[in-house]
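Q: sequence and predicted model, in that order:
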Amino acid sequence: MQNQTRTFAFPALMLLIPGLAFTQNVCEQTPASQTKDPSIATGPAMTRDFVRANYTKFEYRIPMRDGVKLFASVYIPKDVFTDSRKYPIVMERTPYSVPPYGIEQYRDKLGPSELFAREKFIFVYQDVRGRYMSEGKYVLIRPRNPAAKTSPAAGKETDESTDTWDTIDWLVKNLPGNTGKVGMWGISQPGFYATAGMIDAHPALVAVSPQAPVTDYYQGDDVYHNGAFMLAHRFSFYMAFHERPGDPSPPPVALPFQYGTENGYDFYLQMGALANADEKYFKHQQPFWNLNIDHPSYDEVWQSRSIWKYLSDIKPAVMLVGGWYDHEDPQGLFRQYYFMEKHSPPKVETLVVGPWNHGGFSKGDGECLGKVNFGSKTALYYRENIEFPFFMRELKGHDLKEGAQPPLPKAYVFQTGLNEWRKFETWPPADAKTASIFLDGHGKLAWEQPAAAAFDEYLSDPMKPVPYIDSLNKGVLKSYMTEDQRFAATRPDVLVYQSEVLDRDVTIFGPIHVDLKVSTSGTDSDFDVKVIDVYPNDTPDYNAPAPPPPPEDEELTLPVFSTMGGYQQLIRGEPFRGKYRKSFEKPIPFEPGKPDRIVFALPDVAHTFRTGHRIMLQIQSSWFPLTDRNPQKFMDIGKAVSADFVKATERIYFGGADGSKITFQMGE
């Protein structure tokens, strides 16, 4: 067994806290300032007054090699000027603006967490090219420019890597009190810019942390998952994210889009075919939306934006961060990690994954998500014990506590189910063994392939799609990846397979590989696969208030009802658009009624199905409005009209020599 260590957090506890159906995260969160680690310097709550009292703000327009000037907001500790102190630079580049604008207007937070502002660094926030106060033309997830070389002597061709190089070069030469060392971080799209910055990096850039990074818009991040369009998220995003009209200027005041209902399922169903969105709502004024709809296959538009393909021979130390339940970019950090591991990986490279949704590690305490509790304040633990030490070590050359701390492991992951932090020197763990679980008749999952071949079938009606949650929500519920799936298990258009009650813990590390033998009566269909942890019926609500003690004269008390009993927790789920079963570049139709195979991978997990639980699979052909509806006809779905949407009979084949299964790495 390979050398590995465990950091125990708490027994595997699950909870339910009553809350409104519209609540994104019903758990109460401990404010980030309430840290429990006495070695971390604490003080008054981080406020704008604190920042203003300890930092001086500057604004610069930094020239790029082609003459375009990019706006940067810079905060320098005051003791640089009073005591000639020197500090490393910590930078974020973003398309989302760097408010507040104006040298007398201060932020109320600096850096990845308040620990950084208290420790003191020089903080730089930059509007990327073409956004808000920066000059130039913005291009969505700007493609890598093969003609652009980061050395300025190579010419005036630019991309995001050269813009980062030029920015850093100017900063280290012009900012007072800097040590000549730079670190970068960013969450989501800013994570993309952090990634771009470490390609042919400036020598001063020594530490980079892409966090929940946009890595490949088509291959599992925001826009497409296995060819299925992420409808609700993209619609709400592009209702708020627009091109800048005219010259550089601060963000305009904008009112949020009015859905007219809290029922997102009904809103998108009434919208009708995907093509109606542009006519009804975007009014032909949103080119980013049209870019998404006009390119449903993995063509050059998406391939040129696949930043992970350029991550060879990276020099800075890298810490990739993300959440098991990232509802926007679940795949990006894994794609970056696996590619770098195969192509001259950086000397320092750590993969950090916790039980968080998109960016959930950066705020709150991380004790719970939706109804699921993780038994400890995982986000606080990460910020204090992983993120901050990483930047301290790489930028300041020392550790937080007395004595040397060991370097971060290759993988530092939170193992859900058991609810404990784990450290591994390879990912997935080297001693994990390949195992499969097979679909069987009568809704069973078996550890051996059934001898007899058979099939199950269901009728998929795109006019009555399967909802992705059992509550009202206009967009994408931030906790949907932990939500109870019992509502779907009772639908006739959802196939359910589950194991016997487990007599031992079953732990899965890494990606889950799906291998389905399917057929459809149509010429195209989606096949959505969900891996689910089914709780025992006596699972308590650990966060529920303790019942009052019985009166002294009572000998018996009634049992407390627990809504977590029998809970079907989504662990992993992904759609697959069937016409892409051979290639994401060139879709092909199904031959109606003819069996074919769909093979794909669900993003990585580190999860233990506990003794007494069951493993469940649910298979369906719609997941609405998380993904758009498939008309179940082979066509360009972006051009479909209402008449194109037809019912189809879907079959899943099991048993025999080539029945359906899922395969994974089992460990301890």
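A: Great, that's in hand. Source: prediction; values computed, not measured.

Q: please make it C-alpha for all contacts and neighbour counts, starting now.
A: OK.

Q: quick check: the nearest residue to residue 141 once chain neighbours are set aside vs residue 97, distance?
A: Spatial nearest neighbour of residue 141, chain neighbours left out: residue 305 (6.2 Å); criterion: C-alpha to C-alpha, 6 or more residues apart in numbering. According to C-alpha to C-alpha, to the nearest Å, residue 305 and residue 97 sit 21 Å apart.

Q: for the chain, which helix is longest?
A: Counting residues, the longest helix found in the chain (DSSP state H) is helix 160-174.

Q: quick one: contacts of that helix?
A: By C-alpha atoms under 8 Å, 6 or more residues apart in numbering, the surrounding residues in contact with helix 160-174 are 62-65, 142, 144, 148-152, 178-182, 193, 196-202, 204-205.

Q: if we go to 7 Å?
A: Contacts with helix 160-174, where a contact means C-alpha atoms under 7 Å, 6 or more residues apart in numbering, come from 62, 64, 142, 148-150, 178, 180, 193, 196-197, 199, 201-202.

Q: how about stretch 58-67?
A: Counting by C-alpha under 7 Å, 6+ apart, 69-75, 103, 152, 156, 163, 166-167 sit against stretch 58-67.

Q: and these, which are buried?
A: By neighbour count, with 16 or more other C-alpha atoms under 10 Å, these hold 69, 70, 71, 72, 73, 74, 75, 152, 156, 163, 166, 167 as buried.

Q: still on that earlier bit, most neighbours of all the contacts of helix 160-174, which one?
A: The residue in the contacts of helix 160-174 with the most neighbours, by other C-alpha atoms under 10 Å, is residue 193 (30 neighbours).

Q: what sits closest to that residue if chain neighbours are left out?
A: Counting by C-alpha to C-alpha, 6+ apart, residue 193 lies nearest to residue 93, which is 6.2 Å off, once chain neighbours are set aside.

Q: for residue 513, same thing?
A: Nearest non-adjacent residue to residue 513, counting by C-alpha to C-alpha, 6+ apart: residue 601, 4.3 Å away.

Q: which among the buried ones among the contacts of stretch 58-67 gets closest to residue 443?
A: Closest approach between those and residue 443, by C-alpha to C-alpha: residue 163, at 55.2 Å.

Q: per-residue pLDDT, the closest one?
A: Looking at residue 163, its pLDDT is 98.

Q: likewise the one 10 residues further on?
A: Note on residue 173: pLDDT of 98.

Q: hang on, the earlier thing: return the residues in contact with the residue nearest to residue 141.
A: When contacts are counted by C-alpha under 7 Å, 6+ apart, residue 305 touches 141, 142, 143, 144, 216.

Q: just among the residues you listed, which is most surrounded?
A: Sorting the contacts of residue 305 by how many neighbours each has (other C-alpha under 10 Å) puts residue 216 first, at 27 neighbours.

Q: does that residue count as helix, strand or coil?
A: Under DSSP: H, G, I helix; E, B strand; the rest coil, the three-state class of residue 216 is coil.

Q: oh, and call the first residue 531 from now on, that's how I've got it
A: I'll keep to 531 as the first residue from here, and by that count the last item is residue 746.

Q: leaving out sequence neighbours, find the closest residue to it.
A: residue 836 (4.7 Å).

Q: and that neighbour, how far from residue 869?
A: For residue 836, the distance to residue 869 - C-alpha to C-alpha - is 12 Å.

Q: between those two, who's got more neighbours?
A: Shown here are residue 836 and residue 869; by other C-alpha under 10 Å, residue 836 has more neighbours (24 against 16).

Q: what about residue 1048, neighbour count?
A: Neighbours of residue 1048 (other C-alpha under 10 Å): 23.

Q: now the helix or strand where it lies: average pLDDT?
A: Using DSSP states H and E, residue 1048 maps to strand 1036-1050. For strand 1036-1050, the mean per-residue pLDDT is 98.

Q: got the contact list for that strand?
A: Outside strand 1036-1050, the residues that touch it by C-alpha under 7 Å, 6+ apart are 958, 1122-1140, 1178-1183, 1189-1198.

Q: how about the contacts made by residue 828?
A: Contact analysis of residue 828 by C-alpha under 7 Å, 6+ apart lists 748, 1114, 1115.

Q: hang on, the earlier thing: orientation of the helix or strand just after the strand holding residue 1048 relative to strand 1036-1050 in degrees?
A: Remark: after strand 1036-1050, the chain's next helix or strand is strand 1058-1064, criterion DSSP H and E. Angle, strand 1058-1064 to strand 1036-1050, by axes from the mean of the first three to the mean of the last three C-alpha atoms, to 10 degrees: 150 degrees.

Q: buried subset of the contacts of strand 1036-1050?
A: Of the members of the contacts of strand 1036-1050, the ones counted as buried by neighbours, 16+ other C-alpha under 10 Å, are 958, 1126-1128, 1130-1140, 1178-1183, 1189-1197.

Q: mind listing the strands for the stretch 531-680 of the chain?
A: Ranges of strands in the stretch 531-680 of the chain, per DSSP state E, counting those that start in this stretch, are 535-538, 585-593, 599-607, 617-624, 652-657.

Q: which secondary structure elements does the last one contact?
A: Applying 3 or more C-alpha pairs under 7 Å, 6 or more residues apart in numbering; DSSP states H and E, we find strand 652-657 packed against strand 599-607, strand 617-624.

Q: ok, residues contacting that strand?
A: When contacts are defined by C-alpha under 7 Å, 6+ apart, strand 652-657 is touched by residues 600-607, 617-625, 627-628, 640-641, 663-664.
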